[in-house]
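> here is a sequence together with a model predicted from it:
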Amino acid sequence: MKNYTSISDIDDLESMIGEARSLKTKNTSSKVGEGKTLGMLFFNPSLRTRLSTEKAAKLLGMEVMVMNASKDGWALEFEDGAVMNSDKAEHIKEAAAVLSQYCDVIAVRAFPGLKDREKDESELVLNSFKKYATVPVLNLESATGHPLQALTDAITIQEFNQAKKPKIVLSWAPHPKALPQSVANSFAEMMQRFDVDFVITNPEGYDLDPKIRKDVKVEYNQEKAFENADFIYVKNWSSYEDYGQVKEIERNWTVDKSKLQHTNNARVMHCLPVRRNVVIADDVLDSENSIVIQQANNRTYAAQAVLKRILECAK
Ligand SMILES: CCC[C@H](NC(C)=O)C(=O)O
Ligand SMILES: NC(=O)OP(=O)(O)O
C-alpha cells in the first residue's frame, strides 16, 4: 500500500483491523517509523484527526510536522498550465516536491468547496499531491472521502458487535451548515465490504452519490430504518443531487432516546464533532448506547496501522 487515500487501498481489511487492534492492546509494537518524518497539512480544522494521527506516528517512532496550510502556508495553484498572476503564490508542483524532500509521508486534509460537484469529485487537491509528491500520501479527509475514519468505524463495530449479521444503519441528521458527504461516503463504502445488513436512512433529496451507495437500501422513514438495528451511525451531509444545498432543517431527524426504542438497544456512533441536541440529543450521547468516545480512541490505532503499512511498503 503506497498511499492511503481511499478504503480501496486496503485489500486485506480483516488483517488491517486485526493489526490495529493488536497495536491498541500493545500486543505488537513497532518502531518502523524511526528516522522518518510525517508532514500533515490541514486546509480545514481538526481535533481528532490531527492529534490521533500525530500520536500514531510518534508511537511508530516518527517525527511529525504539522501545518495549517490555509492560514500559514502560501496560497497554492492546483491548475496545471496556470498563468500565476493573481493571488496564488506557489504551484502544487513545487510545494509537493519540496514537501517530499522534508517528509517521508505527506498527509492532507482538504474539504470540498460544495459549490462545484464535478470539481469536488475530481479530488483536485488530494490527487495533485499524489501526482506531484514523490512520497506516499495519506488522506485526512478529502472532498469525497474520509478513509481513516471509516477504518476506525470498522474497528469499533468489530469490537462491539455481538450479532452474527448485525444491522447497521447510517442515519442522516440535521445540521445548520452544509457539510461534506465524505464521512458518509467512506462509511457506506466500508460497510459494503462486510457481510452486514446495511441500511441508509435520509430524507428525500439527500441520497448519497449512487456510485457510492450502489444497491444499498435507502429508507426514507427513519424510525422504520431503526427497527432491530444493532448500530446507528449518525452523520449529517449536504444534498448530493442539489449539490451542497441544505434544505429546511428537518428537526424530527435528530437522534434521541425515543428513536432508539425501535432498535435492538443499538450502539450509537458519530465521527465527531457533533452538534448536541441538533444531530444527536443529550439523552443519547450521555447514555450507555453511545460509543462515540471509544470510537474516537480508535482513530489512533487505525492511523498507526495504516502508517505502519505505508512505511513497510516504502522500504
Ligand atoms: C470529521 C467531520 C468533519 C466535517 N465536520 C464538520 C463539522 O465540518 C464533516 O462533516 O465532514
Ligand atoms: N472525526 C474527525 O475526523 O474529527 P476531526 O475533524 O476533529 O479531525
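Now that the structure is in, tell me what you want to look at. Ligands and ions are numbered 1, 2, ... in the order given.

> got the contact list for the closest residue in space to residue 166 that isn't next to it in sequence?
Nearest residue to residue 166 in three dimensions, chain neighbours excluded: residue 230, at 4.0 Å (C-beta to C-beta, 6 or more residues apart in numbering). Bear in mind the C-beta positions are built from the backbone N, C-alpha and C, glycine included. The contact partners of residue 230, taken as C-beta atoms under 8 Å, 6 or more residues apart in numbering, are 161, 162, 163, 166, 167, 168, 263, 264, 266, 267.

> so which of those residues belong to strands?
Using DSSP state E, 167, 168, 267 are the members of the contacts of residue 230 that sit in strands.

> pLDDT added to those, as a markdown table?
A markdown table is the format used below for these (pLDDT from 0 to 100):
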| residue | pLDDT |
| --- | --- |
| 167 | 98 |
| 168 | 99 |
| 267 | 98 |
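
> which one of these is nearest ligand 2?
Of all the ones in strands among the contacts of residue 230, ligand 2 sits closest to residue 267, with 17.0 Å by C-beta to the nearest ligand atom.

> what strand or helix carries residue 18?
Using DSSP states H and E, residue 18 maps to helix 13-24.

> what's that helix packed up against?
Judged by 3 or more C-beta pairs under 8 Å, 6 or more residues apart in numbering; DSSP states H and E, helix 13-24 is in contact with helix 147-160, helix 292-314.

> buried residues of it, list them for me.
16, 17, 19, 20, 21, 23, 24 (16 or more other C-beta atoms under 10 Å).

> can you select the buried ones from the contacts of residue 230 in ChimeraX?
A single ChimeraX command is used to select the members of the contacts of residue 230 judged buried by 16+ other C-beta under 10 Å:
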select :161,166,167,168,263,264,266,267
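
> got the residues of this protein near ligand 2?
46, 47, 48, 49, 50, 141, 149, 271, 272, 273 (C-beta under 6 Å from any ligand atom).

> okay, these in CSV with neighbour count, secondary structure and distance to residue 106 next?
Rendered in CSV, the data for those read as follows (neighbours: other C-beta atoms under 10 Å; DSSP: H, G, I helix; E, B strand; the rest coil; distance: C-beta to C-beta, whole Å):
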residue, neighbour count, secondary structure, distance to residue 106
46, 17, coil, 16
47, 10, coil, 21
48, 19, helix, 19
49, 23, helix, 14
50, 18, helix, 15
141, 26, coil, 15
149, 28, helix, 19
271, 25, coil, 23
272, 13, coil, 25
273, 11, coil, 25
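
> near ligand 1 too, which of those residues?
Restricting the residues of the chain next to ligand 2 to those near ligand 1 by C-beta under 6 Å from any ligand atom leaves 141, 271, 273.
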